[in-house]
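Chemist: sequence-free structure coming up:
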Ligand SMILES: [Zn+2]
């Protein structure tokens, strides 16, 4: 419940010039507008095959029944007038990442009978950046703050459900990267595990013996995996190599083990707060940054990518978490 002293109206009623001073009246009135939102969770409990849309339809939650969470924080297109444009930070939309995320959801369901949990931010990034802390994300607007709270609440509920039904899970934050500032377009998918470029530039031996793996968003997964940290990042069963085998160049992978000075996104707010960094918890996270060409320019591209990514997810769970998603 919010109570806002919206404004103090001072109304000065001036009478016409030829009336006496005593007839001039001044009114001062305080107007209190109450803005109230339903309590978070009041639209629950969340059931598979139902859809939950939050206040204003700004955030959509498709509950799942598998240990997979997908989110699309930067693919929305709603620009409600009552939410002012954000005045600082990045405002670029990750074009078609909402469509891409829904295509992955539909492909997993239709072809593999796997229902991931999916959380979509429908607001355009000019109104809410759902991959920043709340201050930068919503910039003080109460409706944007509510959408921010719902976005993370739904993810939290998905995580709770997964940890009730499974030992482990994976949260994939779906993004799109554009051309580099110098005009070069890196057509690789960038996988963010919260390792900086310079950390990925280290040798396998360094990563396996010297590096503190609790700094990675897949800390929990690496503890479960039979593979070494460097292998999970860029070996034959790494997320990147599994994508490469299906025709999608990726970084890190066997072919591209590290950025080597190239532009690269290592993972943002969502990857940090919803993965297993520092905690080693059951839900790990990866930020996926897809280029537009070949993946998200049209429905045939994003459906093909959805097919490949679905296979990658199934293999990845099998190898690293010993979870068979298909049976
Ligand atoms: Zn993004």
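Modeler: Perfect, I can see it now. Computed from a predicted structure; not experimentally measured.
Chemist: list the contacts of residue 204.
Modeler: For residue 204, the residues meeting the contact criterion (CB atoms under 8 Å, 6 or more residues apart in numbering) are 228, 230, 231, 234. To be clear about C-beta, it is placed using only N, CA and C from the backbone, and glycine gets the same treatment.
Chemist: check contacts around the last one.
Modeler: Taking CB under 8 Å, 6+ apart as the contact definition, residue 234 lies against 204, 240, 241, 252, 253, 254, 257, 258.
Chemist: what subset of the residues you listed is buried?
Modeler: Burial by neighbour count, judged by 16 or more other CB atoms under 10 Å, picks out 240, 241, 252, 253, 257, 258 from these.
Chemist: farthest pair within the residues you listed?
Modeler: Across these, the two members that end up farthest from each other (CB to CB) are 241 and 258, 13.7 Å apart.
Chemist: contact residues of the chain facing the ion?
Modeler: Of all the residues in the chain, those in contact range of the ion (CB under 5 Å from the ion) are 74, 94, 175.
Chemist: could you point out which element follows the host helix or strand of residue 270?
Modeler: With secondary structure defined by DSSP states H and E, residue 270 is part of helix 269-274. Using DSSP H and E, the helix or strand that follows helix 269-274 towards the C-terminus is strand 283-291.
Chemist: quick one, what contacts the residue nearest to residue 176 when sequence neighbours are not counted?
Modeler: What sits nearest to residue 176 in space, not counting adjacent residues and going by CB to CB, 6 or more residues apart in numbering, is residue 94, at 3.7 Å. The contact partners of residue 94, by CB under 8 Å, 6+ apart, come to 72, 74, 75, 125, 174, 175, 176, 177.
Chemist: can I get the residues of the chain next to the ion in TSV with secondary structure?
Modeler: Putting those into TSV (DSSP: H, G, I helix; E, B strand; the rest coil) gives the following:
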residue	secondary structure
74	coil
94	coil
175	strand
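Chemist: contacts for stretch 145-153, please.
Modeler: Stretch 145-153 is contacted from outside by 37, 40-41, 54-56, 58-59, 71, 73, 119, 121, 123, 128, 130, 134, 137-138, 273, using CB under 8 Å, 6+ apart.
Chemist: please repeat the previous calculation with a cut-off of 6 Å.
Modeler: Contacts of stretch 145-153 with the rest of the structure, by CB atoms under 6 Å, 6 or more residues apart in numbering, involve 37, 40, 54-55, 58-59, 121, 123, 128, 130, 134, 137-138.
Chemist: that's all I had, so thanks and see you.
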